[in-house]
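A.B. asks: What shape does this take:
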Amino acid sequence: MYIADFHIHSKYSRATSPSMDIEKCAQWSRIKGIDLLGTGDITHPLWRKKLQKALLPTDRKGIYSYRNTDFILTGEVSSIYHKNGALRKIHIILFFSSFERAENFSAAVAKYGDLMSDGRPILSLDAKKVATMVRQNDPEGFIVPAHIWTPHFSLFGAHSGFDRIEDCFEEETAFIPALETGLSSDPPMNRRLSSLDKFTLISNSDAHSPQKLAREANIFSSSFSIGELYRILKDQDTRRFLSTVEYFPEEGKYHLDGHRNCNARSTPEETIANRYLCPVCKKRVTVGVMHRITLLADRPPNAISSMPFHHIVPLDQILSSVLEKNPASQTVQNHYNHAIETLGPELTILLTTPPEKIFSALSEPIASAIVKMREGKILVEPGYDGKFGTITISPTHDEAQNETTQQQSLF
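C.D. replies: The predicted model follows:
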């Protein structure tokens with residue numbers, strides 16, 4: 001297996017841990033079990049300069065290496081502009097084949113935004129034009145629309161997005177190989193739209209701190225160059241692209257509708273019945289991912305199968321639930337370190353380590369919780385309006401409905 005997490009942020013992005021440097025990202029990649037990590041923030045001049053000094057080229061074009069971790073040059077931009085009579089706010093993941101080409105693109109878009117202000121810069125530039133300029137400056141580069149359902153900054157977001165991908169990217173749609181599902185949706189939810197069938201679905205952590213790496217990821221059969229990656233995604237090559245690692249979508253902080261400040265959460269049906277108004281403050285609620293998918297879907301839930309995927313709950317959240325401690329507590333961290341030292345990388349523990357080996361190495365309640373997570377036997381209060389869902393995995397719970405944990409400090 002070759003596990004990739006393409007979308008992260010560096011310490012040069014807002015609301016991001018100062019630990020998001022090259023050394024820590026490589027260290028946590030090994031802890032998590034990541035083989036290939038996106039650099040994130042490639043348009044930021046200072047971060048790009050640090051990366052260029054640290055990363056060594058490999059024999060696979062567009063792939064670099066640092067301390068036994070592979071890296072690919074990626075970044076995210078926030079494209080904010082008016083189109084079709086509405087203000088649009090679209091986040092886009094950029095993939096580049098070389099530092100020179102990434103720098104050329106950055107120079108070309110610098111007049112549309114302050115690249116020094118944020119690792120994920122705001123560009124006053126049509127999303128379609130961003131896609132065009134990536135291809136113009138890097139014939140082997142490409143873009144992927146980021147977390148496509150989140151309400152405020154995405155392709156299909158309720159507050160600033162489109163109903164059709166072609167309305168956003170027009171003729172550039174033909175060059176887009178994949179879409180990023182985001183934490184609040186999973187492949188079956190996305191496959192309810194037949195219009196998305198021609199796109200591969202990828203999942204990434206969008207991590208703002210090292211501990212959040214690989215909370216979502218992509219599993220390939222082997223390594224690749226950037227050109228091979230594009231073809232794998234564009235052709236939906238399931239021999240090379242094996243599966244994705246997903247949050248339970250209820251874990252995401254925009255899964256349902258609601259008002260966080262009012263502690264008011266609602267399903268799409270309840271929101272419609274309430275005429276989109278919060279039952280507490282009577283203001284319009286934040287319309288979540290499930291609602292948007294329900295509105296645009298032309299297939300019923302679970303109508304078709306999709307590429308294999310694995311729902312997970314991150315290990316520190318499992319430990320938090322069992323131990324009834326905050327994930328950042330020393331107690332949880334001690335148990336986490338013991339598990340990694342005893343059983344290996346986190347994704348290996350969560351996905352493939354035989355249950356008998358887990359039970360022999362960890363306490364019965366913790367081992368039981370990991371097995372229950374694999375079986376989907378978890379209890380959840382879904383996330384909404386920027387609040388992550390909360391999850392409970394207890395040895396006393398034999399049945400469950402779905403997922404998440406604990407408010408997370410660095411998105």
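
A.B. asks: rest of the way, CA atoms for contacts and neighbours
C.D. replies: Will do.

A.B. asks: ok, residue 337 - how many residues close by?
C.D. replies: By the criterion of other C-alpha atoms under 10 Å, residue 337 has 15 neighbours.

A.B. asks: Relative to the whole chain's centre, how far out is the lengthiest helix in the chain?
C.D. replies: What stands out as the longest helix in the chain, according to DSSP state H, is helix 330-343. Put simply, helix 330-343 sits 25 Å off its chain's centre (C-alpha atoms, centre = their mean, to the nearest Å).

A.B. asks: Buried residues in that helix, which are they?
C.D. replies: For helix 330-343, burial by neighbour count (16 or more other C-alpha atoms under 10 Å) applies to 332-333, 335-336, 339-340, 343.

A.B. asks: C-alpha coordinates for it, CSV please?
C.D. replies: Listed next in CSV are the C-alpha coordinates belonging to helix 330-343 (Å, rounded to 0.1, in the frame of the first residue of the first chain):
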residue,chain,number,x,y,z
GLN,A,330,-1.5,13.3,29.0
THR,A,331,-3.4,10.1,29.8
VAL,A,332,-4.7,9.8,26.2
GLN,A,333,-1.2,10.7,24.8
ASN,A,334,0.4,8.0,26.9
HIS,A,335,-2.0,5.4,25.7
TYR,A,336,-1.6,6.6,22.1
ASN,A,337,2.2,6.4,22.3
HIS,A,338,2.0,2.9,23.7
ALA,A,339,-0.2,1.8,20.9
ILE,A,340,2.1,3.2,18.2
GLU,A,341,5.2,1.8,19.9
THR,A,342,3.7,-1.6,20.2
LEU,A,343,1.6,-2.0,17.1
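
A.B. asks: I would like the residues contacting that helix, please.
C.D. replies: 31, 315-316, 319-320, 323, 325-327, 346, 349, 353, 358, 361-362 (C-alpha atoms under 8 Å, 6 or more residues apart in numbering).

A.B. asks: Ok, stretch 97-107 next?
C.D. replies: Residues from elsewhere that reach stretch 97-107 (C-alpha under 8 Å, 6+ apart): 42-43, 48, 52, 61-63, 72-73, 96, 115, 133-134, 137-138, 140-141, 226.

A.B. asks: show me where pLDDT drops low in the stretch 251-400 of the chain?
C.D. replies: Residues of the stretch 251-400 of the chain meeting the criterion pLDDT under 70: 303, 305-306, 394-400.

A.B. asks: what ranges do the strands span in it?
C.D. replies: Counting by DSSP state E, counting those that start in this stretch, the stretch 251-400 of the chain has strands at residues 257-259, 264-266, 309-312, 379-381, 390-392.

A.B. asks: picking up where we left off before, what subset of the contacts of helix 330-343 is buried?
C.D. replies: Among the contacts of helix 330-343, the ones that count as buried by 16+ other C-alpha under 10 Å are 31, 315-316, 319-320, 323, 325-327, 346, 349, 358, 362.

A.B. asks: Between the residues you listed, which sits nearest residue 308?
C.D. replies: Closest approach to residue 308 among the buried ones among the contacts of helix 330-343 (C-alpha to C-alpha): residue 349, at 18.5 Å.

A.B. asks: which ones are touching the closest one?
C.D. replies: Counting by C-alpha under 8 Å, 6+ apart, residue 349 touches 343, 358.

A.B. asks: make it 10 Å
C.D. replies: 32-33, 315, 339-340, 343, 355, 357-358, 370 (C-alpha atoms under 10 Å, 6 or more residues apart in numbering).

A.B. asks: ok, now residue 256?
C.D. replies: Contacts here follow C-alpha under 10 Å, 6+ apart; on that basis residue 256 touches 184, 249-250, 265-268, 271, 286-292, 382-386, 389.

A.B. asks: Tell me what it is bridged to.
C.D. replies: Beta-bridge partners recorded for residue 256 (DSSP bridges): residue 384.

A.B. asks: quick revisit: would you check which pair of the buried ones among the contacts of helix 330-343 lies furthest apart?
C.D. replies: Farthest apart among these - using C-alpha to C-alpha - are 326 and 358, which lie 22.5 Å from each other.

A.B. asks: Return the distance of the residue nearest to residue 126 when sequence neighbours are not counted relative to residue 112.
C.D. replies: Residue nearest to residue 126 in three dimensions, not counting chain neighbours: residue 81, with 5.9 Å by C-alpha to C-alpha, 6 or more residues apart in numbering. As judged by C-alpha to C-alpha, to the nearest Å, residue 81 and residue 112 stand 11 Å apart.

A.B. asks: now do residue 73
C.D. replies: Residue 73 is 21 Å from residue 112, where distance means C-alpha to C-alpha.

A.B. asks: Ok, residue 368 next?
C.D. replies: Counting by C-alpha to C-alpha, the gap from residue 368 to residue 112 is 53 Å.

A.B. asks: ok, the two, which is more surrounded?
C.D. replies: Using other C-alpha under 10 Å, the more surrounded residue of residue 368 and residue 112 is residue 368, with 19 against 13.

A.B. asks: That one is in contact with residue 359, isn't it?
C.D. replies: Yes. Between residue 368 and residue 359 there is a contact under C-alpha atoms under 10 Å: 7.6 Å.

A.B. asks: Run through the residues that contact residue 77.
C.D. replies: 41-43, 90-94, 113, 115, 118-123, 127, 130, 146.

A.B. asks: Give me the most central residue, the chain.
C.D. replies: Geometric centre of the chain, nearest residue: residue 204, 3.3 Å, by C-alpha atoms, centre = their mean.
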